[in-house]
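Trainee: quick one, fold the following:
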Amino acid sequence: MRRDAEFLFVPAKPPDDGGWPGLRPSSTVVDGIVVEIDVPVTLRDGTRVYVDVRRPDRYEPVPVLIAYAPYGKHLPFPEILLANAGIEPPLPDCAPFEAPLAEYWVPHGYAVVYADPRGAWGSEGDQTQYSVQQAEDGYDLVEWAGTQPWSNGRVGLSGVSYLAMTQYGIASLRPPHLAAINPSDGISDLYRESVFQGGILETQFTANVSVRSGYGLNRTEDVRSEMLGHPFIDDLWESKNAELEAIHVPAFFVCSVGNQGLHTRGTLEAYRRASSAQKWLDIHGSKEWRYYYRPENMDRQRAFFDHFLKGLDTEIASWPLVSVELRDQAETGPVRHYASWPIPNTRHIDLHLDASTGTMLREPTIPASVSYDPAKSPPREAGRERATFDVTFDTEMALAGYASLTVWVESPGAANIDLFVTLDKIGADGRRVNYPFFACFDDGPLATGWMRATRRELDPERSTPEQPVQAHKRDLPLPEGPVQLDIEIWPFTALFHTGETLRLTIAGADINRWPPEQFAPGHDFLANTAPHIIHTGGENRSVLLLPVVP
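Mentor: This is a model prediction of the structure:
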């Protein structure tokens, strides 16, 4: 992580407006659990932040789990999100957002610390997002927790989404008392994975998540203004990415491949790049919160932490290093075990697009084209105008890993082109198979990708044929005629049976669009001004590259 960035600040939203009850220091015992509210922790520069502690009411020291995010240690899950999250059994009242449950962990001999970071709610200072400062403060909090009289000196980090992302930064600084981390579904490249997807400004999720943060007594970072003022990757965005290679602590990564458009790519990149000698990866197809809070999965988390925070021999000795659910139907499909990710012996096959038939073939095709006009639909529904290409498999096919689309496109008279791509499974009955998506939806695709044509320049050090990575350092004008775009399709898993179809859809706007109040990705500021023409075959070979596993 780099510190040489200047943040924009605005006055924080009054914490009372967000339901903050004010500082209310107290210590009580409830059902054998010591509950300490608003405990002050002094950071290295003298700033005080406040934490809540839940721990066993007994004298022997216990390990500590920390949940670190700006959403407010006093706030439960919002009802609009819980309504479709599918969490069973239901969470206890006032369970902190995306964090480990003290009601589970404390009876098993753990202390749980919920923090309001610097500048959030009642904590002192100015609030920043995904910053070096935030990681250093997390380091200090780990060291505080590891040296309390009720602590055994071993600290773990756990949680979902933002609570996973903070784990990357803290672990990369290597605090001495940090013994293990369990990041579940967390971005690791904020620019590419969240705020500028394929170079296209993301507007819906970013706007909604800001509703749950930015409360405090001083100033908060104005990320939305930074997005508008920093359209390319620069020091600001580089400063928000943890140095993943510096992570050496034992780590248990959990990734939902249904988290297309937010966490899937980042979680897998963090696993790939982490230097931990002991690391595990669990790839699944469920909703992220539903999976995190399943009782059997909390038991797995405990097996991991019991080993590294308590020194116990647990089942992790027999864990496969990588578990992958090959999605068949929603939340069903065989789980296979591998030695690493990407899966060893993966072979990538070329499927050539044929615009004349709307199909994909294993052999090169003759020149053809197909067009659609994004402007024929309302702005938020422009994805209705689209081109589709199908391939029906004549044998069982297991796909897992990284995919890419090389496509030749033009838009006569336009200065730019925005493309949106999805992969879907079509059953033998001709119906689209829906998959869990994000934390709350049941009608997602297999995989997604995006590209603004003027952002087509690749980063040569990061790009591979199966994972093209754009540099996002400048805009390149469009040439006359068709232009080649290399589009990264986010990692996914799927199991196809004989007679089932893979469908590639290309459009000029979001192909799947959820209501604006929902926590899902959306893109409202698009550059399309003319019809799109997709060229295939001959000199304009448009090809989908797919990962086939043994």
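Trainee: output the below-cut-off pLDDT ranges for the chain.
Mentor: 1-4 (pLDDT under 70).
Trainee: quick one, domains of it?
Mentor: The chain breaks down into these domains under automatic domain parsing: 9-319, 347-512+519-548.
Trainee: wait, which of the ones you listed is closest to residue 337?
Mentor: Residue 337 lies closest, by Cβ to Cβ, to one member of those: domain 9-319, at 9.0 Å. C-beta: built from backbone N, CA, C; applies to glycine.
Trainee: for residue 331, which of the domains of the chain is the nearest?
Mentor: Using Cβ to Cβ, the nearest of these to residue 331 is domain 9-319, at 5.3 Å.
Trainee: out of the domains of the chain, which is closest to residue 328?
Mentor: Comparing those by Cβ to Cβ, domain 347-512+519-548 comes nearest, at 4.6 Å.
Trainee: kindly check the end-to-end length of that closest one for me.
Mentor: 5 Å (Cα to Cα, to the nearest Å).
Trainee: can you pull the contacts of the spatially most central residue of the chain?
Mentor: Most central in the chain under Cα atoms, centre = their mean is residue 263, positioned 1.1 Å from the mean C-alpha point. Neighbouring residues of residue 263 by Cβ atoms under 8 Å, 6 or more residues apart in numbering: 161, 164, 185-187, 193, 255-256, 288.
Trainee: how far away is it from residue 255?
Mentor: Here the criterion is Cβ to Cβ, to the nearest Å. By it, residue 263 lies 7 Å from residue 255.
Trainee: residue 317 too?
Mentor: For residue 317, the distance to residue 255 - Cβ to Cβ - is 22 Å.
Trainee: out of the two, which sits in the busier spot?
Mentor: Legend: neighbour count by other Cβ atoms under 10 Å for residue 317 and residue 255, higher for residue 255 (28 against 8).
Trainee: and the more buried one, what does it touch?
Mentor: By Cβ under 8 Å, 6+ apart, the neighbours of residue 255 are 184-185, 263-264, 267-268, 271, 281-284.
Trainee: out of the residues you listed, which end up buried?
Mentor: Buried by 16 or more other Cβ atoms under 10 Å: 184-185, 263-264, 267-268, 271, 281-284, out of the contacts of residue 255.
Trainee: ok, for the residue nearest to the centre of the chain, nearest residue in space, not its chain neighbours?
Mentor: residue 185 (3.9 Å; Cβ to Cβ, 6 or more residues apart in numbering).
Trainee: and that neighbour, how far is that from residue 461?
Mentor: From residue 185 over to residue 461 the distance is 27 Å, taken as Cβ to Cβ.
Trainee: and if you look at residue 89?
Mentor: Taking Cβ to Cβ, one finds residue 89 at 47 Å from residue 461.
Trainee: residue boundaries of the helices in this structure?
Mentor: Taking DSSP state H, the helices of the chain run over residues 79-82, 102-105, 132-146, 162-173, 190, 204-209, 223-229, 235-238, 264-273, 288-293, 295-310.
Trainee: quick one: closest of the ones you listed to residue 491.
Mentor: The nearest among the helices of the chain, by Cβ to Cβ, is helix 264-273 at 5.4 Å.
Trainee: what's next to the closest one, contact-wise?
Mentor: By Cβ under 8 Å, 6+ apart, the list of residues contacting helix 264-273 reads 164-165, 168, 183-189, 192-193, 244-245, 247, 251, 253-259, 279, 281, 283, 341-342, 490-492.
Trainee: try it again with 6 Å
Mentor: For helix 264-273, the surrounding residues in contact (Cβ atoms under 6 Å, 6 or more residues apart in numbering) are 168, 185-188, 193, 244-245, 253, 255, 257, 281, 490-491.
Trainee: show only the entries of these found in strands.
Mentor: Judged by DSSP state E, the contacts of helix 264-273 include 253, 255, 281, 490-491 as members of strands.
Trainee: which of the residues you listed lies closest to residue 478?
Mentor: Of all the ones in strands among the contacts of helix 264-273, residue 478 sits closest to residue 490, with 25.1 Å by Cβ to Cβ.
Trainee: the nearest residue to residue 426 once chain neighbours are set aside and residue 407, how far apart?
Mentor: Leaving aside its sequence neighbours, residue 426 sits nearest to residue 501 (Cβ to Cβ, 6+ apart; 3.9 Å). For residue 501, the distance to residue 407 equals 19 Å [Cβ to Cβ].
Trainee: of these two, which one has the most company?
Mentor: Neighbour count, other Cβ under 10 Å: between residue 501 and residue 407, residue 407 has more, with 26 against 19.
Trainee: so that one sits against residue 484, correct?
Mentor: No. Taking contacts as Cβ atoms under 6 Å, residue 407 lies outside contact range of residue 484: 7.6 Å.
Trainee: and among the helices of the chain, the most buried is which?
Mentor: Most buried of the helices of the chain by mean neighbour count (mean count of other Cβ atoms under 10 Å) is helix 162-173; its value is a mean of 27.
Trainee: and it, what other elements does it pack with?
Mentor: Of the remaining helices and strands, those touching helix 162-173 by 3 or more Cβ pairs under 6 Å, 6 or more residues apart in numbering; DSSP states H and E are helix 132-146, strand 178-184.
Trainee: please dump those into JSON lines; it should also carry distance to residue 58 for every row.
Mentor: Formatted as JSON lines, these follow (distance: least, Cβ to Cβ, whole Å):
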{"stretch": "helix 132-146", "distance to residue 58": "18"}
{"stretch": "strand 178-184", "distance to residue 58": "21"}
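Trainee: ok, and the closest non-adjacent residue to residue 295?
Mentor: Closest to residue 295 by Cβ to Cβ, 6+ apart is residue 89, at 7.5 Å.
Trainee: hang on, I meant residue 547
Mentor: residue 401 (3.3 Å).
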